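Participant: Got a sequence here, can you model it:
(6 chains)
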4 protein chains.
Amino acid sequence: MPKVGMEPMRRSALVEATISEIGRAGSLDVTVSQIAKKAGVSSGLAHHYFGSKDQIFLAAMRHILVVFGAEVRGALLMAETPSDRLQAIIRSCFSAQNFRPEVVSAWLSFYVLAQQSDEAKRLLRIYHKRLNSNLIYALNALSVPNGQEVADTIAALIDGLYIRQALQRDEADAQRAVSLISAYVSQALEGQTR
Amino acid sequence: MPKVGMEPMRRSALVEATISEIGRAGSLDVTVSQIAKKAGVSSGLAHHYFGSKDQIFLAAMRHILVVFGAEVRGALLMAETPSDRLQAIIRSCFSAQNFRPEVVSAWLSFYVLAQQSDEAKRLLRIYHKRLNSNLIYALNALSVPNGQEVADTIAALIDGLYIRQALQRDEADAQRAVSLISAYVSQALEGQTR
Amino acid sequence: MPKVGMEPMRRSALVEATISEIGRAGSLDVTVSQIAKKAGVSSGLAHHYFGSKDQIFLAAMRHILVVFGAEVRGALLMAETPSDRLQAIIRSCFSAQNFRPEVVSAWLSFYVLAQQSDEAKRLLRIYHKRLNSNLIYALNALSVPNGQEVADTIAALIDGLYIRQALQRDEADAQRAVSLISAYVSQALEGQTR
Amino acid sequence: MPKVGMEPMRRSALVEATISEIGRAGSLDVTVSQIAKKAGVSSGLAHHYFGSKDQIFLAAMRHILVVFGAEVRGALLMAETPSDRLQAIIRSCFSAQNFRPEVVSAWLSFYVLAQQSDEAKRLLRIYHKRLNSNLIYALNALSVPNGQEVADTIAALIDGLYIRQALQRDEADAQRAVSLISAYVSQALEGQTR
DNA sequence: AATGAATGAGGATTCATTCAT
DNA sequence: GATGAATGAATCCTCATTCAT
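Facilitator: Down below sits the predicted model:
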């Protein structure tokens, strides 16, 4: 049942289905057919649009990173103080959208993908750099002396809380994650002003 | 030529080979034949000993956890103060043995495995609990008020630093990892005594 | 924008594209999409006009045979003696048009097609019969006693030189092919008059 | 049902099955499964032994060329005069073994394969060179002046008679093929002595 | 008429697992 | 015990064909 102008919708559906299936399986062990079925299209179409399974995965990863980036940018728009900026970043990481069990699980798989695919590694590094920039910018504005260390610690905390969440699946506790990191940040800032 | 008493050696070789191959591949996408070849035995023998590929993976994971646990216990034996205990735990995580790129990469894969296999999940939870016990025990001795939060933060930091290391592969920086966590711990302890 | 009277042009373009693609690939392993693309139309249209891939192939084969037959007839029109007629036939086979690498390669593929499709086999047999008629007619006029044998030998030589040319691809040597066959014909005619 | 020492038999069976299936289909459009089934093994085993479908085809082609070469060598052993040698070569080409419909049909497919695979092209060229050497050697011994032309004509005749036979399938007429070529050879030798 | 999106059957290839030796 | 030959299910991918627009 071919229709015109469906491409963006199909691509989008396939990307969502990919994230969903990877999240569900908890790994990259999902077949193109599963993804296609979930998206309500044939496996042939998935190849038609993306060329290969790898490209489907990369498109899904790009999508997650794009959405993530947008959410962070949006949150930063509302931040008025450097401290607000830090909060904005941290809260974005654990927003309802980004901290969904499926998405968290997909993230874990993308870390694995980054070990196999150079393109995936590149994407992940871009994300890391952007996160780092955002953190450093805010920390510098707060005159935190060892800004890079604090930024690295925050970034590691985010990843660590994600990976641990992946094991839980159901009972996502974004609140607590934010609170743990915020506590660390407060300490770090206090420490320096003391 | 089959020999008696070979079984433990064979099993051990297969387990080591499994970790090595998973580490090398950066994922669970390794074949039994690859593992067997690396261990210098036939693929049939791998099945003979472990029954299935899943069981081989689980045995490898158990091995990593056992070695890890042993190293922590060993370090704790030498610790005299609660603060030493914290340091012992943290340093163990980033010891030359445990923080080898291959092992770090295998760890990531085991987190993935835990999403697919209940037994793997169980093993990982046991590790989490043990780590938590050890941390809590030391933190309580130091009368840290919000001990559980600090313990969770340390645990997340460890996992986060592992997962980020997995992306780097070569340039392992255990030193910096320990230093970041130690800095956090110092702050956390100071904060409470202030 | 569909136009009236486009069909013959489209069909022709598709037939040419088919020969070209088969020649390029050196086998029937060409897709309808490749052919359609080369012809500047959609794959759907190719089916619309020809019904199926097989029919496209057969149309291409028919075209080659038609062009070939026309060229032979044209050459025969100019021949005045029986000997001229033989030369006309032989030269037609190795004319610039018919002995193009692509066409030679396509011929080989049509021999293969004839093993799979009865219709293709029928077409090739018609060609064989016509070539044989033409040869026999000229040979009889020359009172060659074992005319059928000579005709078969000439025909085999033509096919043999084609198939060998297919391996060369580039350096087509029509001159030499004609010369080899002509030498044979001279001998055959001499032998009988001696 | 694994057995030791089966490899040569399996390989051989697969090669034979490949020739048989290609001959039956009249083209390279045969599946590995068809070949494997005909050989009485699984498709997996075919890949285990040959690595890929291409390699299976090449092995089949090599086999045909090896058998062909052996038969020619055998016939040449019995030839005492240069003239005998020519006869030996020609008769070998149309022996019961080499001129089997299936084998003839497979030959045609190998000419096609040679257009796609460099290795196949190489093999075919080796065969061409060897045939040419043998012919030239005999013709020189007979002091035929234009030996290379005669050799090329004989070679083209052989290929031409093969390709035409491929169309017939059933009613193989090796006798007549040999007789046509022999007639040509007689003429060519006579012509020079006249 | 013309397009090309969409389907789904088919095929090469891989690999866990079995089992005769 | 140990091997690795053998199987066959599973999966990615291609492509002829259809059909809504």
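Participant: now the strands for chain A?
Facilitator: Counting by DSSP state E, chain A has no strands at all.
Participant: So, low pLDDT: which residues of chain A?
Facilitator: Applying pLDDT under 70 to chain A flags the ranges A:1-4, A:192-194.
Participant: can you count the residues close to A:Ala114?
Facilitator: By other C-beta atoms under 10 Å in any protein chain shown, the residues close to A:Ala114 number 22. Heads up, the C-betas are built off the backbone N, CA and C, glycines and all.
Participant: I meant A:Arg24, not that one.
Facilitator: 16.
Participant: Over to A:Glu171?
Facilitator: 7.
Participant: Contacts only, for it.
Facilitator: By C-beta atoms under 8 Å, 6 or more residues apart in numbering or on different chains, A:Glu171 lies in contact with nothing.
Participant: And for A:Ile35?
Facilitator: Contacts of A:Ile35 (C-beta under 8 Å, 6+ apart): A:Leu14, A:Ala17, A:Thr18, A:Glu21, A:Ala46, A:Ile56.
Participant: quick one: the closest residue to DNA strand E within chain A from A:Ala25, how far?
Facilitator: Going by C-beta to the nearest atom of the strand, DNA strand E is nearest to A:Gly44 of chain A, at 2.0 Å. As defined by C-beta to C-beta, to the nearest Å, A:Gly44 lies at a distance of 22 Å from A:Ala25.
Participant: So the two - more neighbours on which side?
Facilitator: Neighbours were tallied for A:Gly44 and for A:Ala25 using other C-beta under 10 Å; the higher tally belongs to A:Ala25 (18 against 11).
Participant: list the contacts for that one?
Facilitator: A:Ala25 sits next to B:Gln115, B:Gln116 when contact means C-beta under 8 Å, 6+ apart.
Participant: Equivalent analysis for the one 4 residues further on, please.
Facilitator: Neighbour list for A:Asp29: B:Gln116 [criterion: C-beta under 8 Å, 6+ apart].
Participant: same thing but 7 Å
Facilitator: Residues near A:Asp29 by C-beta atoms under 7 Å, 6 or more residues apart in numbering or on different chains: none.
Participant: Chain C versus that one, what's the distance?
Facilitator: 31 Å (C-beta to the nearest C-beta, to the nearest Å).
Participant: need the residues of chain A near chain B, please.
Facilitator: Selection of chain A residues close to chain B by C-beta under 7 Å from any C-beta of the partner chain yields A:26-27, A:105, A:108-109, A:111-112, A:114-116, A:121, A:124, A:149, A:152-153, A:156-161, A:163-164, A:166-167, A:180, A:183-184, A:187-188, A:191.
Participant: Please pick the buried ones from these.
Facilitator: A:26-27, A:105, A:108-109, A:111-112, A:114-115, A:121, A:124, A:149, A:152-153, A:156-161, A:163-164, A:166-167, A:180, A:183-184, A:187-188, A:191 (16 or more other C-beta atoms under 10 Å in any protein chain shown).
Participant: May I ask you to name the longest helix in chain A?
Facilitator: helix A:53-78 (DSSP state H).
Participant: How far off centre is that one?
Facilitator: 7 Å (C-alpha atoms, centre = their mean, to the nearest Å).
Participant: Show me what it packs onto, helices and strands only.
Facilitator: Using 3 or more C-beta pairs under 7 Å, 6 or more residues apart in numbering or on different chains; DSSP states H and E, the elements in contact with helix A:53-78 are helix A:7-25, helix A:32-39, helix A:43-50, helix A:82-93, helix A:101-116, helix A:118-141.
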